[in-house]
Structures are given as C-alpha cells and as structure tokens.
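*Asks:* Sequence and predicted structure are below.
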Amino acid sequence: MKYDKRGVSASKKDVHAAIKNLDKGLFKNSFCKILPDHLSGNPENSLLMHADTAGTKTSLAYLYWKETADLNVWKGIVQDAIVMNIDDLACTGVVDNIIISSTIGRNKNLITADVIKTLIEGNQNFCNLMKKNGVNVFLSGGETADVGDIVRTVDVGITAFAQIKKNEIINIDIKAGNVIVGLESTGQSIYENSENSGIGSNGLTFARHEVLDKSYSKKYPESFDPNIPKEYVYSGNMKLTDKSDVENKNIGELLLSPTRTYLPVISKIIKKHKENISGIIHCTGGGQTKVLNFVENIHVIKDNLFKTPIVFRHIQEQNNCDWKELYQVFNMGHRLELYVDKSVADDIIKISEKFGIAARIIGYCEKFDDKKLTIKSEHGDFTY
C-alpha cells in the first residue's frame with residue numbers, strides 16, 4: 001500500500017500487536033476502553049479517557065497558511081482534534097458532559113504566536129458551538145510546548161474525559177440481521193458554517209502527497225518526513241489554490257474541510273433507540289474497514305454506499321490510485337455507521353436528516369464462520 005510507503009498504517013497492526021495483552025477494561029468490545037469509576041467509587045458508574053490528534057492534517061494546514069496567510073485554517077485543525085476524540089466517545093454512548101484538555105507541540109521557529117492564539121481560542125469556540133446544540137463540552141486547559149527538536153511544524157492533540165453509567169454503555173455486539181445506517185460525511189449540517197467536503201481527519205498523509213505538486217517538497221521540506229521515498233513525496237499535479245470541482249472551493253479548502261462532529265445527532269439517536277443499537281462505528285483509522293476490529297463470525301456487506309465525494313475523486317485521479325486502498329484509508333462518503341435492528345432504521349435516518357445530514361441504509365450483516373467485509377461500490381467490488 002502507498003500508505004505504508006509513506007510511513008503510515010491504515011490497519012495499525014503494530015499498535016494492535018502492542019496492546020493485545022493489555023486489559024480491555026470493563027467492556028471487552030466497546031469502541032473506547034471503559035474503566036471502573038475509581039474517583040467516586042460508585043459501582044454503577046464508569047470512566048473513559050481518550051486521546052487523539054489532528055494528525056498530519058496540521059502539516060497540510062501549515063502549507064496552506066504559508067501560501068495564503070489565512071489564519072482561519074487553524075480553527076479547523078482544532079475542530080479536527082476535538083472531534084476525533086468526542087465522536088469516538090459517542091460510539092460508546094457518551095454524548096454529554098465531556099471534559100477536554102489541549103496539548104500543542106510546536107516548532108517555535110516556524111509556528112508564530114498568532115497561530116498559537118488561534119489554536120487555543122479555537123478550543124473554547126468549539127465548546128461554545130456544541131453548547132448551542134445541546135452538548136456540553138468543557139475545556140479544562142492544556143499544555144503548549146516549544147519542542148522544535150522533535151516536532152517539524154506543529155502537533156495539535158486533545159485528551160477527553162467523561163463519566164457514564166454502566167447501563168448506558170454501548171458495547172459493540174454486531175449481529176446477523178443488523179442493517180447498517182450510514183451518516184453522510186459531506187454536505188452542510190445545521191450546525192456547520194459551510195459545506196463539508198467529507199475528508200475528516202484520517203488519511204491526510206496519503207491525500208496531500210497524492211494530490212499536491214512536487215514543488216512543495218523543495219519549498220517546504222519541513223512539511224514531510226525526509227525518510228519517505230522521493231517518489232511518494234508530493235507526487236500529484238495540483239496546487240493548494242487550484243480550483244476544485246466544488247464551486248467556490250479550492251483544493252486546499254477541500255482537503256482541509258473541518259472534521260464534522262456527529263455528536264448532536266448521536267445524542268438524539270441514542271436517547272430514543274439505544275436498545276436497538278448493536279454498535280456504532282466511527283470510520284476513521286482503517287476507513288470503511290474499521291468495523292473488522294469489532295466483529296467475529298460476521299460477514300459485513302456494504303452494497304448501497306453514498307456516491308463517492310469529489311474530494312476522494314480528486315485524490316484517486318492524480319495517480320490512478322487503487323480504489324480498494326482508498327476504502328481502507330478514507331471514509332469515502334460516510335464517517336459514522338450504526339448497526340441496528342431494521343425496525344428503527346427509518347427513524348434514525350429521519351433524526352439525522354433533521355440535522356441536515358443525509359443518511360441511508362448502506363448495508364447489512366450475515367452470519368459467517370470468520371469475519372469478512374464486502375464492499376460493492378461504483379468502482380468495483382472489494383473483499384477484506
């Protein structure tokens with residue numbers, strides 16, 4: 001895979017191998033690890049702490065900022081880091097009262113004070129946005145460190161903490177007969193300020209190197225790992241400010257579209273249909289194959305996917321990338337999927353649509369003697 005050649009893993013085999021013998025927590029197949037409530041000692045409660053970053057999307061933001069002087073791009077990076085945490089927590093049933101802490105590591109010689117100010121203020125601004133939409137996310141503070149010896153440009157991370165009653169936890173138990181409801185990653189929800197390209201915040205190492213022109217490697221050598229083979233560094237033909245196939249958006253804006261949170265939607269769905277939900281999967285690392293980490297003796301069939309968003313078509317067409325690999329790296333049109341009883345699927349779709357987010361039944365599950373995923377797409381049929 002090209003992803004591996006660039007020093008990144010979609011499957012994270014090394015990580016999974018490293019943690020396979022660690023304690024899995026109270027619920028062995030939850031999307032995030034669940035701990036006993038050691039703070040209150042209440043046996044009915046449990047605790048979660050989760051950490052994630054905006055990944056190499058920060059390197060892309062750095063390029064765009066240097067080329068355009070647009071500070072607003074960093075606001076999206078803050079949202080990327082927060083959403084990668086809170087939407088993971090939502091897959092376990094945590095949909096309110098989340099505490100977050102920010103960690104920023106920068107190369108001070110390259111990342112200026114106004115960038116740091118934008119990043120720090122962005123955390124509180126996002127919390128304010130969530131509150132307006134019925135979700136309480138609280139900023140506890142954080143750490144900003146000047147670590148130019150180990151960070152090439154900037155790294156933006158979030159740690160999230162929450163308490164939840166054990167009987168509210170969603171422990172993934174995907175069954176034969178479940179249908180899969182996918183929530184689209186593109187479009188504009190009622191709580192977004194502009195149309196979302198659907199890119200999310202995973203696979204950006206692949207995306208920027210496939211799409212962007214080789215000239216960026218000479219102009220900004222600090223923006224990539226020098227150990228990547230040269231033929232895989234900025235191997236596309238496009239500039240960040242080139243027009244895209246989306247009206248009024250350039251290529252940089254498509255690739256940097258902030259990661260949409262589904263938290264307000266999931267909150268409504270869980271409150272109404274929790275008993276009929278067998279699992280919620282956030283299609284981040286591993287893209288459309290993420291579900292394979294959470295099933296046994298199940299064949300997952302996705303045969304009614306959304307039309308491939310334009311941003312992923314741009315990525316594919318630059319070097320005629322293998323579509324099968326793209327489904328392993330990117331969400332390809334929906335970043336959240338719910339495995340549910342068919343009887344509630346239509347109502348879940350209606351709830352999502354009230355937020356301006358298209359949803360549909362994108363597949364189903366069958367019994368199988370192992371675990372298997374089949375994707376039947378407009379670009380071919382792929383088995384994982």
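*Replies:* That came in fine, so what should we check first? Numbering: from 1, shown residues only.
*Asks:* Doesn't Leu48 belong to a helix?
*Replies:* No - when DSSP: H, G, I helix; E, B strand; the rest coil is applied, Leu48 is found to be strand, with no helix at that position.
*Asks:* wait, what's in contact with it?
*Replies:* Contact analysis of Leu48 by CB atoms under 8 Å, 6 or more residues apart in numbering lists 32-35, 89, 92, 94, 160-164. Where you see a C-beta, it was placed from the backbone N, CA and C, and this is true even at glycine.
*Asks:* Buried among these? Need that as a selection in ChimeraX.
*Replies:* Typed into ChimeraX, the next command selects the buried ones out of these (criterion: 16 or more other CB atoms under 10 Å):
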select :32,33,34,89,92,94,160,161,162,163,164
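*Asks:* So which of the contacts of Leu48 are in strands?
*Replies:* Under the assignment DSSP state E, the contacts of Leu48 contribute 35, 160-164 to strands.
*Asks:* ok, so of the contacts of Leu48, who is nearest Val151?
*Replies:* Nearest to Val151 among these: Ala160, at 21.7 Å, using CB to CB.
*Asks:* tell me which element the nearest residue to the closest one once chain neighbours are set aside falls in.
*Replies:* Excluding the flanking residues, the one nearest Ala160 by CB to CB, 6 or more residues apart in numbering is Asn85, at 4.0 Å. Here Asn85, judged by DSSP states H and E, is contained in helix 73-90.
*Asks:* Output the contacting helices and strands for that helix.
*Replies:* Other helices and strands packing on helix 73-90, by 3 or more CB pairs under 8 Å, 6 or more residues apart in numbering; DSSP states H and E, are strand 45-53, helix 57-68, strand 98-106, helix 113-132, strand 154-165, helix 263-273, strand 277-282.
*Asks:* can you redo the ones you listed as JSON lines with mean pLDDT and distance to Val147?
*Replies:* Below are these laid out as JSON lines (pLDDT from 0 to 100; distance: least, CB to CB, whole Å):
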{"stretch": "strand 45-53", "mean pLDDT": "97", "distance to Val147": "14"}
{"stretch": "helix 57-68", "mean pLDDT": "98", "distance to Val147": "14"}
{"stretch": "strand 98-106", "mean pLDDT": "98", "distance to Val147": "5"}
{"stretch": "helix 113-132", "mean pLDDT": "97", "distance to Val147": "13"}
{"stretch": "strand 154-165", "mean pLDDT": "98", "distance to Val147": "8"}
{"stretch": "helix 263-273", "mean pLDDT": "97", "distance to Val147": "31"}
{"stretch": "strand 277-282", "mean pLDDT": "98", "distance to Val147": "29"}
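*Asks:* Figure out which of the ones you listed is closest to Leu338.
*Replies:* strand 277-282 (5.3 Å).
*Asks:* Neighbouring strands - and their directions - for the closest one?
*Replies:* strand 334-340 (antiparallel) (DSSP bridges).
*Asks:* can you pull the contacts of the residue nearest to Ala160?
*Replies:* Shown in contact with Asn85 (CB under 8 Å, 6+ apart): 50-52, 100, 158-160.
*Asks:* please redo it, this time with the cut-off set to 10 Å
*Replies:* Neighbouring residues of Asn85 by CB atoms under 10 Å, 6 or more residues apart in numbering: 32, 49-53, 98, 100, 137, 157-162, 261.
*Asks:* Can you read off the pLDDT for the nearest residue to Cys283 once chain neighbours are set aside?
*Replies:* Closest residue to Cys283 apart from its sequence neighbours, by CB to CB, 6+ apart: Asn331 at 4.6 Å. At Asn331 the predicted local distance difference test score is 98.
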